[in-house]
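Enquirer: A predicted structure for the sequence below; I have some questions about it.
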Amino acid sequence: MEAVHGHEHGHDHAHYPGGIMRWITTTNHKDIGTLYLWFSFAMFITGGLLALGIRAELFQPGMQVWRPEFFNQLTTMHGLIMVFGAIMPAFVGFANWQVPMMIGAPDMAFARMNNFSFWLLPPAALLLVVSFFVPGGATGAGWTLYAPLSVQQGMGMDMAIFAVHIMGASSIMGSINIITTILNMRAPGMTLMKMPLFVWTWLITAYLLIAVMPVLAGAVTMLLTDRHFDTHFFNAAGGGDPVLYQHVFWFFGHPEVYIMILPAFGIVSQVLPAFARKPLFGYSSMVYATASIAILSFIVWAHHMFTVGMPAAGQLFFMYATMLIAVPTGVKVFNWIATMWRGSMTFETPMLFSVGFLFVFTMGGFTGLILAITPVDIQLQDTYYVVAHFHYVLVAGSLFAIFSGIYFWLPKWTGHMYDETLGKWHFWLSIIFFNVTFFVMHFLGLAGMPRRVPDYAQQFADFNMIASIGAFGFGLTQLLFFYIVVKCIKGGEKAPAKPWEGADSLEWTLPSPAPYHSFETPPIVK
Amino acid sequence: MQQAHSSYYIPQPSTWPIIGATALLFMGFGAALTMNDLGAGPWLLLVGFAILVYLLFGWFGQVAGESEKGTYNAQVDLSFRWGMSWFIFSEVMFFAAFFGALFYVRILSVPDLGHGASGEFLWPGFTPKWPVSGPGIEETFTPMGAWGIPAINTLILLTSGATVTWAHWGLVKNNRSQLILGLILTIALGLVFLFLQGYEYYHAYHELNLNLTMGAYGATFFMLTGFHGFHVTMGTIMLIVILGRSIAGHFKPEHHFGFEGVAWYWHFVDVVWLLLFVLVYWL
């Protein structure tokens, strides 16, 4: 069996139009993966600049830099752009590059639709970014777009709603593609329980995306009709309830946070065994733990809403269900540690980021457990403690895993080794500045500093100044990352097919850089 | 399956995706401008919609052509089946959001508004008995009954599910006239459903004073039945397309995913209607 490319029956392999048309019309999973990753980086920088805008205002108490309503726009758009523009597309980029290579498939199942999924993202990003410049500016309702505030905002809110619709369509198509590829295009002998864990985590993530992105579309559609067509979904006068929005949103929102972390688990589960030179400990328990996390994610959403008023039975249910997630997550963390136990470890940059992930993500997990306790959460709701918590899992979790994966697979993608010294600098600067920025936020939150407010009381001044210094350091460090990646693409030491001694999945059997079309004849997996 | 193409088809570079992205770019900005009564909005929306229609014709046309040339082997066929199944699952979840809203207002928010502190101090005199608009809406309306047009429409959609299956049997038996007749009947039933639904909306707006602004009942009623009606419209257009393809001699007894995908979609729309009939109209 051999894959056919167009009508040319597998000949003339690297046939594509020149210049920009290659990227606009491509049906190649590697090209599309590259597009996703660069798009994600552009959005990461955009969202990062917004974050620095926030930290600049919070450097000192009092109002210095922005008008308060613009500050709200900064926090809102920072969240939306980082979640939907930076983190999610980065993982889809990894899925595009890696999933076909790791299961021995010639390409994605629906190669043209794959391109469509990507090219829907720039229009959505344009809607978000341009909304800063329309009358009233961008939406300032917070990335969760809670009613009734979101019902009252200007045109920027509508643009955010349509951006969410378009990004949702992109995610659903991308996920259908990934699921179908994994279920239908595995090489002979590649049974489900032989798949690399990264593939497993993406299978489950894609399922979550298909299940909840339509629910978000429904939520923002109700918002749209409340805004413009006089429905009363979120208005008590018409029998509706603003809390209804929160229920529908978080039914999407909680699976969404696992959508942003499960592929990170997958990357770390590839990297740790490679550099410990041992197989992943407890492979099948990792698979079941991932599936358990996904299933539990559907029954914990109201832990985001403990303060809105809820029967005690509801609070108890959502508190215990949330704590239950610590069990499969704990299985994962212990398995990762057991993988490293007595391994012959080396600490190249991907390993540093994965070990850093393990350490710092677990701290974010612990603060999550603390926040799951209803009476504690009622105290901490909407404080900087929550901000610290989700940046520990999203930056030190998702983003560090993305960095780890980039360094891990850059040799395979570009054919060159990256600069190891600079990579190590990138890691150490990132993890130090990350903690400088976010560790102090725990104290701010415990002391009662509310989030999404541009001014604060005098006693919070020192910690805020530290956090702002850390944020600017973290931001500048990412320019180093950009330099390392560009340098690696342009040249560098030639990478062997398998630069990492302990790596064993299928992509390492291909030459570096991986050929434009790989596994046209599927490998036999024993 | 055709032995000549036993390999997985990976299409050549294509311009359709960027055309589709352009359509949605125009529609996104167009809709945002239109809803805020700003200048060029409707025109942008129109241009975007025109590009989208062009895209659908072109892209699906190309796929149908590739399929008829025998480009898709059994493995590609299975990919389509997985893809369509997951797409329908995503549609189920979309409707689930609105059904969730319906349950929420009926079970939680409306009863809460008539009881306890809200009932006593905020909205005294409000009787939270479904169907109801809401405590702050003075106007009254008559709710839509279940046993008139909706019951007839239930019968129509159920019958159309049978006719599309009958058409499928015709296709499998290679009885082309049964295939074509079955599709024509299905489309006719779909159109009658849409006509009756349109009449029901007219009746609701003009005689029952029931409209989108009628609080909890109006919003959930029109959003659920409206999105369902939109899906029936899409399904009918899809049926018309495969009728045209059937007349043109497309589909073979052993290779006709295009037909089956539409049939699955039609059955899905049917099932959603049954839920609507029971939960929105009847109970």
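Expert: Ah, there it is.

Enquirer: Low-confidence ranges, chain B, go.
Expert: Chain B contains residues with pLDDT under 70 at B:1-6.

Enquirer: run the last query once more with 50
Expert: Across chain B, the ranges flagged by pLDDT under 50 are B:1-5.

Enquirer: Does chain A have contacts with the longest helix seen in it?
Expert: Longest helix in chain B, counting residues (DSSP state H): helix B:215-247. Yes: counting by Cβ under 8 Å from any Cβ of the partner chain, chain A has neighbours in helix B:215-247: B:215, B:216, B:217, B:218, B:219, B:222, B:223. C-beta here means a position set from N, CA and C on the backbone, and glycine is covered the same way.

Enquirer: Please name every helix or strand in contact with that helix.
Expert: helix A:197-228, helix B:74-103, helix B:149-172, helix B:176-206, helix B:257-276 (3 or more Cβ pairs under 8 Å, 6 or more residues apart in numbering or on different chains; DSSP states H and E).

Enquirer: and those as TSV, adding distance to residue A:400?
Expert: Listed next are the helices and strands packed on helix B:215-247 as TSV, based on distance: least, Cβ to Cβ, whole Å:
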stretch	distance to residue A:400
helix A:197-228	16
helix B:74-103	31
helix B:149-172	51
helix B:176-206	52
helix B:257-276	41
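
Enquirer: how about the ones you listed, which one is nearest residue A:31?
Expert: Closest approach to residue A:31 among these is made by helix A:197-228 (18.9 Å; Cβ to Cβ).

Enquirer: and the closest one, anywhere near chain B?
Expert: Yes: residues of helix A:197-228 contacting chain B under Cβ under 8 Å from any Cβ: A:210-215, A:217-219, A:221-222, A:224-225, A:227-228.

Enquirer: Tell me what angle the longest helix of chain B forms with helix B:257-276.
Expert: Relative orientation of helix B:215-247 versus helix B:257-276 (axes from the mean of the first three to the mean of the last three Cα atoms, to 10 degrees): 160 degrees.

Enquirer: the inter-axis angle of helix B:215-247 versus helix A:197-228?
Expert: For helix B:215-247 against helix A:197-228, the angle by the same axes, to 10 degrees is 120 degrees.

Enquirer: Helix B:215-247: which residues count as buried?
Expert: Within helix B:215-247, the residues scored as buried using 16 or more other Cβ atoms under 10 Å in any protein chain shown are B:215-225, B:227-229, B:231-233, B:235-236, B:238-243, B:245-246.

Enquirer: tell me the angle it makes with helix B:149-172.
Expert: Taking the same axes, to 10 degrees, one finds helix B:215-247 and helix B:149-172 inclined to each other by 20 degrees.

Enquirer: Now do helix B:215-247 and helix B:74-103, the angle between them.
Expert: Going by the same axes, to 10 degrees, helix B:215-247 makes 160 degrees with helix B:74-103.

Enquirer: got the residue ranges for the helices in the stretch 51-200 of chain A?
Expert: For the stretch 51-200 of chain A, applying DSSP state H, counting those that start in this stretch gives helices covering A:68-80, A:88-103, A:111-119, A:121-130, A:149-152, A:155-184, A:197-228.

Enquirer: can you put those in CSV and add mean pLDDT and mean neighbour count?
Expert: Below are these laid out as CSV (pLDDT from 0 to 100; neighbours: other Cβ atoms under 10 Å in any protein chain shown):
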stretch, mean pLDDT, mean neighbour count
helix A:68-80, 96, 21
helix A:88-103, 97, 27
helix A:111-119, 97, 25
helix A:121-130, 97, 22
helix A:149-152, 94, 18
helix A:155-184, 97, 25
helix A:197-228, 97, 24
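
Enquirer: Same list (those) but as a markdown table, adding distance to residue A:256.
Expert: Putting the helices of the stretch 51-200 of chain A into a markdown table (distance: least, Cβ to Cβ, whole Å) gives the following:
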| stretch | distance to residue A:256 |
| --- | --- |
| helix A:68-80 | 12 |
| helix A:88-103 | 9 |
| helix A:111-119 | 17 |
| helix A:121-130 | 16 |
| helix A:149-152 | 17 |
| helix A:155-184 | 10 |
| helix A:197-228 | 6 |
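
Enquirer: Among the ones you listed, which comes closest to residue A:498?
Expert: Nearest to residue A:498, of all the helices of the stretch 51-200 of chain A, is helix A:88-103, at 12.9 Å by Cβ to Cβ.

Enquirer: coming back round to it: so which of the helices and strands packed on helix B:215-247 is nearest residue B:27?
Expert: Residue B:27 lies closest to helix A:197-228 among the helices and strands packed on helix B:215-247, at 13.6 Å (Cβ to Cβ).

Enquirer: Residue B:115 versus the residue in the stretch 251-400 of chain A positioned nearest to chain B, what's the distance?
Expert: Proximity of the stretch 251-400 of chain A to chain B (Cβ to the nearest Cβ) peaks at residue A:251, 7.3 Å away. For residue A:251, the distance to residue B:115 equals 25 Å [Cβ to Cβ, to the nearest Å].

Enquirer: just residue B:268 next, same as before
Expert: Separation of residue B:268 from residue B:115 (Cβ to Cβ): 38 Å.

Enquirer: Between the two, which is the more surrounded one?
Expert: Counted by other Cβ atoms under 10 Å in any protein chain shown, residue B:268 and residue B:115 do not tie: residue B:268 has more neighbours, with 19 against 12.

Enquirer: can you give me how far the host helix or strand of the residue of the stretch 251-400 of chain A closest to chain B is from the chain middle?
Expert: Using DSSP states H and E, residue A:251 falls within helix A:242-259. Distance of helix A:242-259 from its chain centroid, counting by Cα atoms, centre = their mean, to the nearest Å, is 16 Å.

Enquirer: And for stretch A:322-330?
Expert: With Cα atoms, centre = their mean as the basis, stretch A:322-330 stands 20 Å off its chain's centre.

Enquirer: can you give me the end-to-end distance of it?
Expert: Length of stretch A:322-330, first residue to last, Cα to Cα, to the nearest Å: 13 Å.

Enquirer: now stretch A:451-468
Expert: One end of stretch A:451-468 sits 14 Å from the other (Cα to Cα).

Enquirer: Could you tell me how many residues sit around residue A:358?
Expert: Quick note: residue A:358 (other Cβ under 10 Å) scores 20 neighbours.

Enquirer: Is it part of a helix or strand, or is it coil?
Expert: Taking DSSP: H, G, I helix; E, B strand; the rest coil as the rule, one finds residue A:358 in the helix state.

Enquirer: Look up the closest residue to it, ignoring the ones flanking it.
Expert: residue A:336 (5.7 Å; Cβ to Cβ, 6 or more residues apart in numbering or on different chains).
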